[in-house]
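# below is the structure, and that's it, no one-letter string:
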């Protein structure tokens, strides 16, 4: 459940819907599901295995398992950096969720027309004090939970949040698909649209699906490895990876069932980008009977999803300092709390004080740069490194990996596909990465 909490978050209920809407709905979803099967589950099992085999986080797992004299441990710095980088913008967006949950409870959007709702979002993100304040609130909640320890605090809170998330998703999905006119949204979401390839280019659609697969499962930077180190030897890890991926996919799929039927039912724009949730959906809730109730429930579950990932990645970050320095949990929490706030400031200020800073060209902001470095670079490259480490004789090696992955009861890792994992999977990741990179900049 902790690993599922890390995987299920804004990548499912914020990023997935607007990325799917941007790249043609069902066609993107289909490619995304293929990547989850051929990349996501195997790479997650490998991360779990590296974590359990070493008993350490990404900060020290390669040190423990690599052959003498090897340099795989150098990737640990990139893995740690990836976790910090994720939280550098994730804390700000999570703060939006908490803020909008409070706004919905207070009824701030009641009676607003579409223009006023859009202006309210613009006013919120242009207020540096508000964004920093909510970002700090996320850090206080996340690190506060981690300070209580893994079982006493993190595990109990995450289980509660995950259970609440799925209950709310089911309620909202039923409400959304039964709206008048929702069928157009279901068609957009579930019927493949080849026009998306003509509009965006095949490489862009495939690269976006690959990036989303790695992002939503938090693969490639050791976020899963730490939870692998907490899994006992009674469970085979391939089955655990399937379970986490299935829960993650179910959450993303249900989020689409909540958003797309409602967007089409009320004349919204499915490719509305990141503002799809914060601008389009409040307008939709204003048009619905009991809209304030449904809006409140929606942002409550969004906050649950966001905080489940925040807590899980913060746990990983806390473990880094504990593994490297041997310090106690409370000291690691205290230090990382202040470090995380400082590192999160550029993203929070990127919407206001630093809005004229366009790191990737006109119209881009700090968040775009941080997301690009993580989603388009560190996650797929990190996934490739975990694969090579597990299959190569120069790394941990296939035999050691299979022995660890298949320890316990459950589904065995498909070792009959060794040639695929050793040669085909790395080449596919490299090819898609290079092709997508060229297409992105073109």
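Nice, I can see it. Just so you know, these numbers come straight off a predicted model, no measurement behind them.
# how about residue 200, what does it touch?
23-24 (C-beta atoms under 8 Å, 6 or more residues apart in numbering). To be clear about C-beta, it is placed using only N, CA and C from the backbone, and glycine gets the same treatment.
# again with residue 67
Neighbour list for residue 67: 394-395 [criterion: C-beta under 8 Å, 6+ apart].
# that one in helix, strand or coil?
Using DSSP: H, G, I helix; E, B strand; the rest coil, the structure places residue 67 in coil.
# phi, psi of it?
phi -60, psi 160 (degrees, to the nearest 10).
# next one: residue 302
Main-chain dihedrals, residue 302, degrees, to the nearest 10: phi -60, psi -40.
# with residue 267 instead?
phi 70, psi 30.
# neighbours of it, just the number please.
Counted with other C-beta atoms under 10 Å, residues neighbouring residue 267 total 13.
# what about it, distance to residue 260?
Per C-beta to C-beta, to the nearest Å, residue 267 is found 13 Å from residue 260.
# report the residue spans of the chain with pLDDT below the cut-off.
1-2, 6, 150-154, 271-275, 436, 439 (pLDDT under 70).
# how near is residue 138 to residue 148?
Plainly put, residue 138 is 17 Å away from residue 148 if you go by C-beta to C-beta.
# buried sites along stretch 256-271?
Neighbour counts using 16 or more other C-beta atoms under 10 Å place 256-266, 268, 270-271 of stretch 256-271 among the buried residues.
# ramachandran angles for the nearest residue to residue 378 once chain neighbours are set aside?
Take residue 378 and drop its neighbours on the chain: the residue closest to it by C-beta to C-beta, 6 or more residues apart in numbering is residue 82, 4.3 Å away. Residue 82 adopts backbone torsions of phi -60, psi -40, taken as degrees, to the nearest 10.
# can you check residue 359 too?
phi -70, psi -20.
# list the contacts of it.
Contacts of residue 359 by C-beta under 8 Å, 6+ apart are 365-366, 368-369.
# turn these into TSV, columns for neighbour count, secondary structure and distance to residue 3.
As requested, the contacts of residue 359 are arranged in TSV below (neighbours: other C-beta atoms under 10 Å; DSSP: H, G, I helix; E, B strand; the rest coil; distance: C-beta to C-beta, whole Å):
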residue	neighbour count	secondary structure	distance to residue 3
365	23	coil	31
366	23	helix	29
368	17	helix	28
369	18	helix	28
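# now do the helices in the stretch 51-200 of the chain.
With helices called from DSSP state H, counting those that start in this stretch, the stretch 51-200 of the chain shows them at 61-65, 75-106, 114-125, 128-147, 156-177, 182-190, 195-200.
# I'd like those helices as TSV, with distance to residue 278 appended.
Listed next are the helices of the stretch 51-200 of the chain as TSV, based on distance: least, C-beta to C-beta, whole Å:
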stretch	distance to residue 278
helix 61-65	38
helix 75-106	6
helix 114-125	5
helix 128-147	13
helix 156-177	16
helix 182-190	19
helix 195-200	24
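# among those helices, which is nearest residue 375?
helix 75-106 (9.2 Å; C-beta to C-beta).
# identify each buried residue in the closest one, please.
Residues of helix 75-106 classed as buried: 75-76, 78-80, 82-101, 103-104 (neighbour count, 16+ other C-beta under 10 Å).
# what separates stretch 128-141 from the chain centre, distance-wise?
When C-alpha coordinates are averaged (C-alpha atoms, centre = their mean, to the nearest Å), stretch 128-141 and its chain have centres 20 Å apart.
# what residues are up against the spatially closest residue to residue 14 that is not a sequence neighbour?
In this structure, residue 14 finds its nearest non-sequential neighbour in residue 277, 5.9 Å apart by C-beta to C-beta, 6+ apart. With contact set as C-beta under 8 Å, 6+ apart, residue 277 has these partners: 13-14, 17-18, 259, 302.
# ok, of these, which come out buried?
13-14, 17-18, 259, 302.
# what's the farthest-apart pair in those residues?
18 and 302 (13.1 Å).
# output the contacting helices and strands for the helix or strand where residue 313 lies.
Assigned by DSSP states H and E, residue 313 belongs to helix 291-325. Counting contacts by 3 or more C-beta pairs under 8 Å, 6 or more residues apart in numbering; DSSP states H and E, helix 291-325 is packed against helix 2-7, helix 10, helix 75-106, helix 128-147, helix 156-177, helix 225-228, helix 281-286, helix 329-349.
# angle of the longest one against helix 329-349?
Just to be clear, that refers to helix 75-106. Between the axes of helix 75-106 and helix 329-349, defined by axes from the mean of the first three to the mean of the last three C-alpha atoms, to 10 degrees, the angle is 70 degrees.
# cool, thanks, signing off.
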